[in-house]
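Undergrad: coordinates only, sequence not included:
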C-alpha cells in the first residue's frame with residue numbers, strides 16, 4: 001500500500017508510515033467516499049451516543065408494524081428495511097402528506113459493534129448497539145526485562 005491514499009480533500013498519506021493494520025479502515029473510508037448517497041432521507045433517523053460504548057439508532061417509522069420492518073447485520077453493515085404493502089383504500093384525499101413508502105437505511109458499524117436488540121414504540125424504532133472491546137484490545141503494560149535476567153531464567 002503506497003502513500004497515495006486520499007479521500008476527497010482528506011489524505012491518508014501522512015498516516016500510512018505510522019500505522020499498521022489500518023488498510024481495511026482506509027479502504028472503508030475510500031468505499032464510502034465513492035458510494036452513491038441516497039437522494040432522500042426517509043424515514044428521518046437519529047444516532048444517539050448513550051455512553052462510551054452504547055449507542056441507539058432511532059427511526060421514525062409511524063404507520064409501520066413490526067412485521068413490515070426487517071433488521072439485519074451483514075459484514076459490519078446494519079440494514080433496516082421497511083416494506084409497506086400498498087393498500088387500495090378508496091378514500092379521496094384532499095392532502096396526502098403521511099409517507100408510507102418502503103425504505104432502506106444502512107449504518108456502517110465498526111467490527112467490534114454488536115446489535116443488542118430492537119424495539120418499536122410510539123412510531124419510533126430503536127436499535128440498541130454496543131461497542132464490545134475485546135480483552136486483547138484493552139491497554140496493557142509490557143514489562144521490560146533486563147537481558148541479563150532473561151538469560152538467567154533460561
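TA: Right, received. Where do you want to start? Everything numeric here is computed off the predicted structure, so don't read it as measured data.
Undergrad: Surely residue 117 touches residue 125?
TA: No: taking contacts as CB atoms under 8 Å, residue 117 lies outside contact range of residue 125: 11.5 Å. C-betas here are computed from N, CA, C, even on glycine.
Undergrad: Just want to know which of these two has more residues nearby.
TA: residue 125 (22 against 10; other CB atoms under 10 Å).
Undergrad: contacting residues for that one?
TA: 58-59, 61, 64, 69, 80, 118-119 (CB atoms under 8 Å, 6 or more residues apart in numbering).
Undergrad: Ok, residue 64 next?
TA: Residue 64 makes contacts with 82, 84, 100, 120, 125, as judged by CB under 8 Å, 6+ apart.
Undergrad: Helices along the protein, start to end?
TA: Assigned by DSSP state H, the chain shows helices spanning 23-34, 147-153.
Undergrad: what residue ranges in the protein score low on pLDDT?
TA: The chain contains residues with pLDDT under 70 at 1-40, 86, 99, 148-154.
Undergrad: sorry, back to before: what sits in contact with each of residue 117 and residue 125?
TA: Common neighbours of residue 117 and residue 125 (CB under 8 Å, 6+ apart) do not exist.
Undergrad: And the protein, what are its domain boundaries?
TA: 1-35, 40-133 (automatic domain parsing).
Undergrad: okay if I get the ones you listed as TSV plus distance to residue 143?
TA: As requested, the domains of the chain are exported to TSV (distance: least, CB to CB, whole Å):
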stretch	distance to residue 143
domain 1-35	22
domain 40-133	23
